[in-house]
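Q: I'll drop the sequence and a predicted model, then ask my questions.
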Amino acid sequence: MSEQRHVTIVMIEDDEGHARLIERNIRRAGISNEIRHFMDGASALHYLENDDAGPALNGPALVLLDLNLPDMSGTDILARVKSDDRLKRTPVVVLTTTDDKVEIQRCYDLGANVYITKPVNYESFADAIRQLGLFLSVIQVPDVEAKG
Amino acid sequence: MTAARKLLAIRSERAFNTVVVGIVALGFLTLVAVAAYGLSVMRENLIFTRWVAHTYEVKGAISDFLINDERTETARRGYLLSRDDLFSNSVATTSTRLDRTLLTIQQLTVDNAIQQANVAQMRTLVAQQQRAIAVSMAFARGGHSDSSEFYHDTGVEATRAIRRLAEQMTQEENHKLKIRNAGQQATFDQLIRVSVAAGGLLILLAFGSVWVILRYTRQLNRSQRELAQLNEGLEEQVMTRTADLQRANDEIQRFAYIVSHDLRSPLVNVMGFTAELEAAAKPLGVLLERAETEAPGIVTEDARTAIRIDLPESIGFIRTSTQKMDRLINAILQLSRQGRRVLTPEPLDMGGVLRGVADNLAHRASELGASIDIDPDLPGVVSDRLALEQIFSNLVENALKYLKPGRPGHIEVGGAKVGGRVVYRVTDNGRGIDPKDHDRIFDLFRRAGAQDQPGEGIGLAHVRALAYRLGGTVTCESILDQGATFRVSLPARLEPARLGPEGFSS
């Protein structure tokens, strides 16, 4: 568990409400990792690629990605992350309302690690996030830059 | 070329064609008239020729007559000189011949009054001559040879008169011959003129006809080419329009899909935070209970009402509303998905399909005490199985849902082939639908009658959308309180052109 503390959860979600609900439910699942929330694609990419604390330059991270963003498509971000040598091993969990088969296939083709459709029903939603939290607590995230 | 100009060109073309055809027809008519005229002229010519021949015949007869007359005279003289009986016999035969030829002339010139008169006169003269001959010969037989008697013989006079008359008659015939020859020549000339005219006309007509035929052929070729081009253009146009329609349809489907998705996003928040509120209300309730027992003084009536009544009630309303909204959005999503599903037509045993539908609803039907009868001879159809299952399960389910309370439900499914289409009907004896609602019930989220059954007004909209996609229609016939009949008319064979866009799945 101590290792997981270093993993930053990068949440790219334009809906503040969703972000808040996701965060609350992750916390309820007992995950206490730092959660960095970005409302648009550009600033999220900037963090991922250039920030000192970001996964490209520093410690391990996990990306929670919504596909419907105001400035760019979530699939574009996914493609950018997965084609970047420094970022391609960073797990990406697509968490979005879209349940279009084609869209799901496309995300996996682009290298998404998990695709979750946000259930509209809140109970299912909370349940899904909590299960995601449990999942996050057991997965191993690669350490991009060996840290002391 | 604009349509108006084209029309004008076609009209002038038609007028021209009419004129050309008229001229050619007129030419042929003239040719026929000329031929008829030529025939008549020929006949006339023939008549003239016959008359000329006739005149020659008459002339021949006259000269014959004259020769015989001369012979008679010669024979008489011979007799008078030689008293040889050979001559008297000759007189007798030539006399008879004379009479015969005269008769012939009379018969030949029966149409000519002048010649008839001449013949009559001739006959008297011949009689006179014969008499004179007889007298002179009898005289000679008696032994007289007085030539003076002979000179005073009236026979000589008669013979001269006969010659003169015969000359006259020949003249008469010559005159006739001249007229008839002239006539013959005239008709012959006329015939040549007519022939030349007919020949010219024929050549003209031939040229005209060839020209018209060439012109028509060229026109035909041109219009065939134009038609072929037009056909190509038409196909292209149809393809463009179809593509446009397809695009518009896809656009609507995409729109419905995006809208429903984007509506879901805020709904997640509303529902999520409502749940959070509810969760937050629980510790508040506990707090209120503790405050009531430990420090009742601080509990106000307002706080109690707010926590115990207002908060749960508000949350309840928000919940039911959002749940309903969720169902509506899901319905739109489902419809849009249905529109994007690729149809797979296959030959279907509709009896089997309907029995499957009825089996799925059998439990509900037995609960309600309703019976479902399916015609064992339902006509088959080539269509999409899933779509038809959805259509009929919606219709039968509706029939079960809206039965008339107190009347045992009876649902009948039948069908018939009508031309290239198959019409299925689902009839119930339920509560029926007011005729003013017969169109409305097929609209999304619209319902009719007493709202005592759960539902969002989606089923029939779904049925209609599916029927349209299958190239069919759905109609309702009903009298309030007496049941309803829903008819689904489908093409017997679903055309591949009606299938959704290839490779477009949801």
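A: That came in fine, so what should we check first? Because the structure is predicted, anything quoted here is derived from the model rather than measured.

Q: give me the helix or strand of chain B that scores worst on average pLDDT.
A: helix B:147-151 (a mean of 53; mean pLDDT, DSSP states H and E).

Q: where's A:Gly30, which helix or strand?
A: A:Gly30 is part of no helix or strand, with elements assigned from DSSP states H and E.

Q: sorry, slip of the keys, the one I care about is B:Gly78.
A: Assessed by DSSP H and E, B:Gly78 sits inside helix B:3-82.

Q: helices or strands next to that helix in the packing?
A: Applying 3 or more CB pairs under 8 Å, 6 or more residues apart in numbering or on different chains; DSSP states H and E, we find helix B:3-82 packed against helix B:85-108, helix B:113-141, helix B:154-294. C-betas here are computed from N, CA, C, even on glycine.

Q: give me the mean pLDDT for that helix.
A: Averaged over helix B:3-82, pLDDT sits at 82.

Q: next, count neighbours for the closest residue to chain A within chain B.
A: The minimum distance from chain B to chain A, using CB to the nearest CB, falls at B:Asn269 (3.3 Å). Neighbour count of B:Asn269, defined by other CB atoms under 10 Å in any protein chain shown: 18.

Q: contacting residues for it?
A: A:Asp15, A:Gly17, A:His18, A:Leu21 (CB atoms under 8 Å, 6 or more residues apart in numbering or on different chains).

Q: which of these fall within helices?
A: A:Gly17, A:His18, A:Leu21 (DSSP state H).

Q: filter those down to the buried ones, ChimeraX style.
A: Filtering the ones in helices among the contacts of B:Asn269 down to the buried ones (16 or more other CB atoms under 10 Å in any protein chain shown) takes a single ChimeraX command:
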select /A:18,21
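
Q: name the nearest of the ones in helices among the contacts of B:Asn269 relative to chain B.
A: Among those, and counting by CB to the nearest CB, the member closest to chain B is A:Gly17, at 3.3 Å.

Q: that closest one reaches B:Thr274, doesn't it?
A: No: counting by CB atoms under 8 Å, A:Gly17 does not reach B:Thr274; the two are 11.3 Å apart.

Q: phi, psi for A:Thr8 please.
A: Note on A:Thr8: its backbone torsions stand at phi -90, psi 130 [degrees, to the nearest 10].

Q: tell me the residues of chain B that contact chain A?
A: B:257, B:261-262, B:264-269, B:271-276, B:326, B:329, B:505-506 (CB under 8 Å from any CB of the partner chain).

Q: again, only this time at 10 Å
A: Counting by CB under 10 Å from any CB of the partner chain, chain B comes close to chain A at B:257-258, B:260-276, B:278-279, B:319, B:322-323, B:325-326, B:329-330, B:333, B:337, B:340, B:503-506.

Q: report pLDDT for B:Ile391.
A: 93.

Q: scratch that, B:Asp359 is what I was asking about
A: Per-residue pLDDT puts B:Asp359 at 91.

Q: my guess is it contacts B:Ser366, does it?
A: No: contact criterion CB atoms under 10 Å: B:Asp359 and B:Ser366 do not qualify, at 11.5 Å.

Q: any idea which residue sits dead centre in chain A?
A: The centroid of chain A falls nearest to A:Leu64 when counting by CA atoms, centre = their mean (1.6 Å).

Q: roughly how far apart are that residue and A:Asp15?
A: Separation of A:Leu64 from A:Asp15 (CB to CB, to the nearest Å): 12 Å.

Q: shared neighbours, those two?
A: Shared contacts of A:Leu64 and A:Asp15 (CB atoms under 10 Å, 6 or more residues apart in numbering or on different chains): A:Ile22.

Q: before we move on, back to that, select only the buried ones of the residues of chain B next to chain A in PyMOL?
A: Buried subset of these, written as a PyMOL selection, criterion 16+ other CB under 10 Å:
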select buried, chain B and resi 257+260+261+263+264+265+267+268+269+270+271+272+273+274+275+278+319+322+325+326+329+333+337+340+506
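
Q: rewinding a little: turn the helices and strands packed on helix B:3-82 into TSV, including mean pLDDT.
A: Shown next, in TSV, are the helices and strands packed on helix B:3-82 (pLDDT from 0 to 100):
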stretch	mean pLDDT
helix B:85-108	83
helix B:113-141	82
helix B:154-294	85
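
Q: which of those sits closest to B:Ser63?
A: For the helices and strands packed on helix B:3-82, the distance to B:Ser63 is smallest for helix B:154-294, at 7.4 Å, taking CB to CB.

Q: can you pull the contacts of B:Glu44?
A: B:Glu44 makes contact with B:Gly183, B:Gln184, B:Ala186, B:Thr187, B:Phe188, B:Gln190, B:Leu191, according to CB under 10 Å, 6+ apart.

Q: oh, I was asking about B:Ala53
A: Per CB under 10 Å, 6+ apart, neighbours of B:Ala53: B:Arg180.

Q: now swap in the one 5 residues further on and tell me
A: If you count contacts by CB under 10 Å, 6+ apart, B:Val58 has them with B:Thr104, B:Ile105, B:Leu108, B:Thr109, B:Asn112, B:Gln115, B:Met169, B:Thr170, B:Glu172, B:Glu173, B:Lys176, B:Leu177.

Q: just give me the neighbour total for B:Phe188.
A: Counted with other CB under 10 Å, the neighbours of B:Phe188 add up to 16.

Q: right, and it touches B:Val52 too?
A: No: if you go by CB under 10 Å, B:Phe188 and B:Val52 don't touch, sitting 11.5 Å apart.

Q: what helices or strands is the one helix or strand in chain A whose mean pLDDT sits lowest leaning on?
A: Lowest mean confidence among the helices and strands of chain A (mean pLDDT, DSSP H and E): helix A:122-138, at a mean of 78. Secondary-structure packing of helix A:122-138 (3 or more CB pairs under 10 Å, 6 or more residues apart in numbering or on different chains; DSSP states H and E): helix A:16-28, strand A:61-65, strand A:92-96, strand A:114-117, helix B:154-294.

Q: mind running it again at 8 Å?
A: Right, helix A:122-138 is packed against helix A:16-28, strand A:114-117, helix B:154-294 by 3+ CB pairs under 8 Å, 6+ apart.

Q: looking at the ones you listed, which is nearest to B:Val418?
A: Closest of these to B:Val418 is helix B:154-294, at 27.0 Å (criterion: CB to CB).

Q: need the CA coordinates for the helix or strand following the closest one. PDB is fine.
A: With elements assigned by DSSP H and E, the helix or strand that comes after helix B:154-294 is helix B:301-305. What follows is helix B:301-305, C-alpha atoms only, in PDB (Å, rounded to 0.1, in the frame of the first residue of the first chain):
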ATOM      1  CA  GLU B 301     -40.600  22.600  14.800                       C
ATOM      2  CA  ASP B 302     -39.100  24.000  11.500                       C
ATOM      3  CA  ALA B 303     -36.000  21.900  11.900                       C
ATOM      4  CA  ARG B 304     -38.000  18.800  12.600                       C
ATOM      5  CA  THR B 305     -40.300  19.400   9.600                       C
END
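
Q: mind listing residues that contact helix B:301-305?
A: B:Leu288.

Q: how about stretch A:30-43?
A: Under the criterion CB under 8 Å, 6+ apart, residues A:4-5, A:7-14, A:16, A:19, A:23, A:26, A:44, A:47, A:69-74, A:76-77, A:133, A:136-137 lie in contact with stretch A:30-43.

Q: could you do stretch B:360-379 as well?
A: Outside stretch B:360-379, the residues that reach it (CB under 8 Å, 6+ apart) are B:350-351, B:354-355, B:358, B:393, B:396-397, B:400, B:403, B:408-417, B:422, B:424, B:492.

Q: now those residues: which count as buried?
A: By neighbour count, with 16+ other CB under 10 Å, those hold B:350-351, B:354-355, B:358, B:393, B:396-397, B:400, B:403, B:409-415, B:422, B:424 as buried.
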